[in-house]
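**Q** What follows is a predicted structure for the sequence shown.
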Amino acid sequence: MHTQVGIIGGGPAGLLLGHLLHLKGIDSVILERRDHEYVIDRVRAGVLEQFTADLMTQTGVGARLHQIGMRHDSVYLSFGGRRHLVPLSELSGGKAIYVYGQNEVVKDLMDARIATGRPLHYEVSDVSVYDIDTTRPLIRYHAGGAQHELTCDFIAGCDGFHGICRPALGDAVTFYDKTYPFGWLGILAEAAPSSEALVYTCHERGFALFSMRSPKITRLYFQVPPDEDINKWPDDAIWDEMLKRMTTKDGWKPNVGPVLNKNVTAMRSFVTEPMCAGRLYLAGDAAHIVPPTGAKGLNLAAADVLLLARAFTEFYKYSNSGLLNNYSETALQRVWRAQRFSWWMTQTLHLSPEGNAFDFKRQLTDLDYITSSKAAMTSLAENYVGLPMDIEF
Ligand code: FAD
Ligand code: DHB
């Protein structure tokens, strides 16, 4: 078998890349290790930047986003028992964020892929890549009890942080890594959201975040140690801690309801430079990880694959490798800006076990400054809604 672009990983990055390539008439095969339901059911991102929402809309996969997604024109920062509104749209020339679960994004992209009839294989195993320094790189994998070989013009490594593509880049890459001394305990609850906007809380007991998925479902997180055992947290204890951290002096608090799902995620910042070797190109979490506080991971994955789709299009249309050669450098500029912002949001809002009372006072002062200076608040808004990105390709 041969394809133009062999895509390893059928998460948001792999599916979106396959979709964009299809629109340009470029063949691809998507190989995904898990089954279809597992990929849909994974509860992860919830916030799309304006650019990601625009890209979905413009490429014909935005119908449900506009039906059931929620446009948010502002967000709250909560500290000292008070919520402070950050008017995102007003400060960013009309841009907004969209609360739309990663599950829904993945469903939309899967449906689009299936409608094209192009290959999307689930439950493949033992995926490995060869000959990336030649013009005929090869992917080997097992599926349906048989061994398969797929030659490609290019391979796109969209297989997330624990995939096989990053290690296959070889020795000529540098990794930049930072781990944080905390993680997030996240729940989905059957409770109507009690606020129209998301609430990021910096509290003396630690960070907490109020979000949502629909008019009936609330999504909440709070900071815990990175290796926290979720079994130590019965639902009542989770609600008790959520309410302690989130309740504000005006009496605002999240509505309580049955917990539908709970898990713990560790947090890290990680960048691979360059994001390619030979004809293997990484995109999304395979190349970089951000702590979720800035809501950037899925959006960065979308930005990477847009650049990659543009570069492949230029290669096939004009036999020009210029954009492919510049892919890593171009992508990394946005990646590092998102890294900076995600790190900054994280260290400003979380309580570090390595910090002291001085650090906490400094964080509160940072938040006080941001919410009282239009210049500082504008900087937060322009980063949170997403830095400019041209969606033409
Ligand atoms: P993944 O989603 O990890 O997909 C990779 C796929 O590759 C997976 O389906 C995996 O099964 C498959 N795979 C792995 N290895 C192989 C292999 N060997 N062969 C074949 N397939 C393989 N981002 C935001 O933008 N906004 C948010 O609000 C946000 N909130 C988040 C909240 C939490 C709690 C977490 C954990 C993350 C959040 N993120 C957010 C980040 C976002 O979820 C990720 O950045 C996003 O999933 C990256 O997509 P991806 O396709 O690059 O990687
Ligand atoms: C959600 C996740 C985030 O990482 C974030 O910063 C905001 C919201 C969410 O899951 O809704």
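**A** Alright, I've got the coordinates. Numbering: from 1, shown residues only. Ligands and ions are numbered 1, 2, ... in the order given.

**Q** how many other residues sit next to the residue of the chain found nearest ligand 2?
**A** Proximity of the chain to ligand 2 (Cβ to the nearest ligand atom) peaks at Gly46, 2.4 Å away. C-beta: built from backbone N, CA, C; applies to glycine. Neighbour count of Gly46, defined by other Cβ atoms under 10 Å: 25.

**Q** Pull up the residues of this structure that are close to ligand 2.
**A** Ala45, Gly46, Val47, Leu198, Leu209, Ser211, Arg219, Pro292, Thr293, Ala295 (Cβ under 6 Å from any ligand atom).

**Q** Pull the most distant pair out of those.
**A** Spatial extent of the residues of the chain next to ligand 2 (Cβ to Cβ) is set by the pair Arg219 and Thr293 at 14.3 Å.

**Q** in the stretch 201-350 of the chain, which spans are strands?
**A** Using DSSP state E, counting those that start in this stretch, the strands found in the stretch 201-350 of the chain span residues 208-214, 217-224, 259-273, 276-277, 280-282, 288-289.

**Q** could you dump those to JSON lines with distance to His148 and mean neighbour count?
**A** Formatted as JSON lines, those follow (distance: least, Cβ to Cβ, whole Å; neighbours: other Cβ atoms under 10 Å):
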{"stretch": "strand 208-214", "distance to His148": "37", "mean neighbour count": "23"}
{"stretch": "strand 217-224", "distance to His148": "39", "mean neighbour count": "23"}
{"stretch": "strand 259-273", "distance to His148": "27", "mean neighbour count": "17"}
{"stretch": "strand 276-277", "distance to His148": "23", "mean neighbour count": "22"}
{"stretch": "strand 280-282", "distance to His148": "18", "mean neighbour count": "29"}
{"stretch": "strand 288-289", "distance to His148": "29", "mean neighbour count": "26"}
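
**Q** out of those strands, nearest to Leu351?
**A** Among the strands of the stretch 201-350 of the chain, strand 217-224 sits nearest to Leu351 (Cβ to Cβ), with 6.7 Å.

**Q** Residues contacting that closest one, please?
**A** The contact list for strand 217-224 (Cβ atoms under 8 Å, 6 or more residues apart in numbering) reads 46, 182-194, 206-213, 241-242, 245-246, 254-255, 257, 260, 264, 350-351.

**Q** Keep only those of the residues you listed that are in helices.
**A** Using DSSP state H, the members of those that fall within helices are Glu241, Met242, Arg245, Met246.

**Q** which strand residues sit across from the closest residue in space to the second one that isn't next to it in sequence in the sheet?
**A** Leaving aside its chain neighbours, Met242 sits nearest to Leu220 (5.6 Å; criterion: Cβ to Cβ, 6 or more residues apart in numbering). With DSSP bridges applied, the residues forming beta bridges to Leu220 are Ile187, Phe210.

**Q** Only the buried residues of the helix or strand of the chain with the lowest mean pLDDT, if you could.
**A** The weakest-scoring helix or strand in the chain, judged by mean pLDDT, DSSP states H and E, is helix 36-41 (a mean of 92). Going by neighbour count (16 or more other Cβ atoms under 10 Å), the buried part of helix 36-41 is His36, Val39.

**Q** which residues are in contact with it?
**A** Helix 36-41 is contacted by residues Gly10, Gly11, Glu32, Asn103, Val106, Lys107, Met110, Tyr122 when judged by Cβ under 8 Å, 6+ apart.

**Q** Spell out, range by range, the helices that occur in the stretch 1-150 of the chain.
**A** 12-23, 36-41, 50-58, 63-68, 88-91, 102-116 (DSSP state H, counting those that start in this stretch).

**Q** so which of those helices gets nearest Lys361?
**A** Across the helices of the stretch 1-150 of the chain, closest to Lys361 is helix 88-91 (Cβ to Cβ), at 26.4 Å.

**Q** what comes up buried for that closest one?
**A** Neighbour counts over helix 88-91 (16+ other Cβ under 10 Å) mark Leu88, Ser89, Leu91 as buried.

**Q** what sits against the last one?
**A** Contacts of Leu91 were listed using Cβ under 8 Å, 6+ apart, and they are Lys374, Met377, Thr378, Ala381, Glu382.

**Q** Over to the first one: give its phi and psi.
**A** Spelled out, that is Lys374. Main-chain torsions, Lys374, degrees, to the nearest 10: phi -60, psi -40.

**Q** Pipe the helices of the stretch 1-150 of the chain into JSON lines and attach distance to Phe175 per row.
**A** Output for these, formatted as JSON lines (distance: least, Cβ to Cβ, whole Å):
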{"stretch": "helix 12-23", "distance to Phe175": "19"}
{"stretch": "helix 36-41", "distance to Phe175": "26"}
{"stretch": "helix 50-58", "distance to Phe175": "26"}
{"stretch": "helix 63-68", "distance to Phe175": "34"}
{"stretch": "helix 88-91", "distance to Phe175": "33"}
{"stretch": "helix 102-116", "distance to Phe175": "25"}
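
**Q** can you give me the helices in the stretch 251-393 of the chain?
**A** Remark: helices assigned in the stretch 251-393 of the chain by DSSP H, counting those that start in this stretch are 297-318, 322-349, 357-372, 374-384.

**Q** Can you lay out these as JSON lines showing mean neighbour count?
**A** Below are the helices of the stretch 251-393 of the chain laid out as JSON lines (neighbours: other Cβ atoms under 10 Å):
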{"stretch": "helix 297-318", "mean neighbour count": "23"}
{"stretch": "helix 322-349", "mean neighbour count": "18"}
{"stretch": "helix 357-372", "mean neighbour count": "14"}
{"stretch": "helix 374-384", "mean neighbour count": "17"}
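
**Q** Out of the ones you listed, flag the one nearest ligand 1.
**A** With Cβ to the nearest ligand atom as the criterion, ligand 1 lies closest to helix 297-318 of the helices of the stretch 251-393 of the chain, at 2.3 Å.
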